[in-house]
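Asker: generate a structure from the sequence data that follows.
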Amino acid sequence: MTHTFYTEKATPTPHNAASKGEIAPFVLFPGDPERAEFIANNYLQNSHKVTSIRGMLGFTGNYNGKAVSVMGSGMGGSSAGLYSYELFAFYDVEQIVRIGTAGGLQKDMTLGALVFALTASTDSNYALQYELPGTFSPVCNFDLLKRATFFAEQNAIPFYAGQIISSDLFSSYNARGENRSWQPWAKMGCLAQDMETYALYCNAAYLGKKALSITTNVCSCVTGENMFMNGHSSLDPMIKTALSLV
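Answerer: You can find the predicted model right below:
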């Protein structure tokens, strides 16, 4: 039996209150829905809320005269995978740029620097759904990466570009209060650990869309150092870099 879900506005999905046409083809994708609201209020013109189901806030506005949406992804690959899939598949979104935080896995990485994820490894089974006869390694869109790195260079924003690991485990701890599962990934050259990039890149690959993950290195898994976060404004270099791609 096929079940059809309806919201009050007959939206395409049960997880998003926006109607078709209310979400722009370009979406910024922070993990934290409150960061989405901060960006809408401080970076976009004429922004308005288009969804808030389950507290996952989404907004659409303008940036330099172009339509752009910003919506939270939630934490983890399952959540980011769900929302990014629906944006790509049901709302005609063409490009999603993740703007999140990550833990650095290499000793000399600068706190506050951006990390551009060329590709993402994972310890999850997200790609099991594709029934591939091997291990899938999803990658970013090269055009988005090229333009983002150019903007960072032109504006003296420090950054790294390379592979990351998207884990189901938070990089700082696990059920025993400590997590060192990142260490073998660091040995293989992974720059940072997040939780969402792999699912986003898989969805983009499967649906023929474009995606880039930009994270800010806010802590070091090696030294335990943490970047002082002055609210969401501490992530201004990352946000402006992402918006340069609109």
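Asker: so where's the chain shaky on pLDDT?
Answerer: Where the chain drops to pLDDT under 70, the residues are 1-10, 171-179, 228-231.
Asker: contacts only, for the residue nearest to the spatial centre of it.
Answerer: The centroid of the chain falls nearest to residue 98 when counting by Cα atoms, centre = their mean (2.5 Å). Neighbour list for residue 98: 29-31, 73, 80, 196-197, 200, 211-215 [criterion: Cβ atoms under 8 Å, 6 or more residues apart in numbering]. C-beta coordinates here come from the backbone N, C-alpha and C atoms, glycine included.
Asker: over to residue 34?
Answerer: Applying Cβ under 8 Å, 6+ apart, we find residue 34 in contact with 57, 72, 232.
Asker: most neighbours among those residues, which one?
Answerer: Among the contacts of residue 34, the one with the most neighbours (other Cβ atoms under 10 Å) is residue 72, at 26 neighbours.
Asker: and the residue nearest to it when sequence neighbours are not counted, what is it in contact with?
Answerer: Computed as Cβ to Cβ, 6 or more residues apart in numbering, the closest residue to residue 72 that is not its neighbour in sequence is residue 33, at 3.2 Å. Residue 33 makes contact with 55-57, 71-72, 74, according to Cβ under 8 Å, 6+ apart.
Asker: 7 Å - rerun?
Answerer: Residues near residue 33 by Cβ atoms under 7 Å, 6 or more residues apart in numbering: 55-57, 72.
Asker: tell me the spacing between residue 99 and residue 144.
Answerer: Distance of residue 99 to residue 144, given as Cβ to Cβ, to the nearest Å: 12 Å.
Asker: which of these two has more neighbours?
Answerer: The residue with more neighbours, out of residue 99 and residue 144, is residue 99; 26 against 20, by other Cβ under 10 Å.
Asker: that one against residue 241, yeah?
Answerer: No. The pair residue 99 and residue 241 does not pass the contact test of Cβ atoms under 7 Å, sitting 8.4 Å apart.
Asker: contacting residues for residue 65?
Answerer: The contact partners of residue 65, taken as Cβ under 7 Å, 6+ apart, number zero.
Asker: could I get the phi/psi values of it?
Answerer: The phi/psi pair for residue 65 (degrees, to the nearest 10) reads phi 80, psi 0.
Asker: same question, residue 160
Answerer: According to degrees, to the nearest 10, the main-chain angles of residue 160 amount to phi -130, psi 150.
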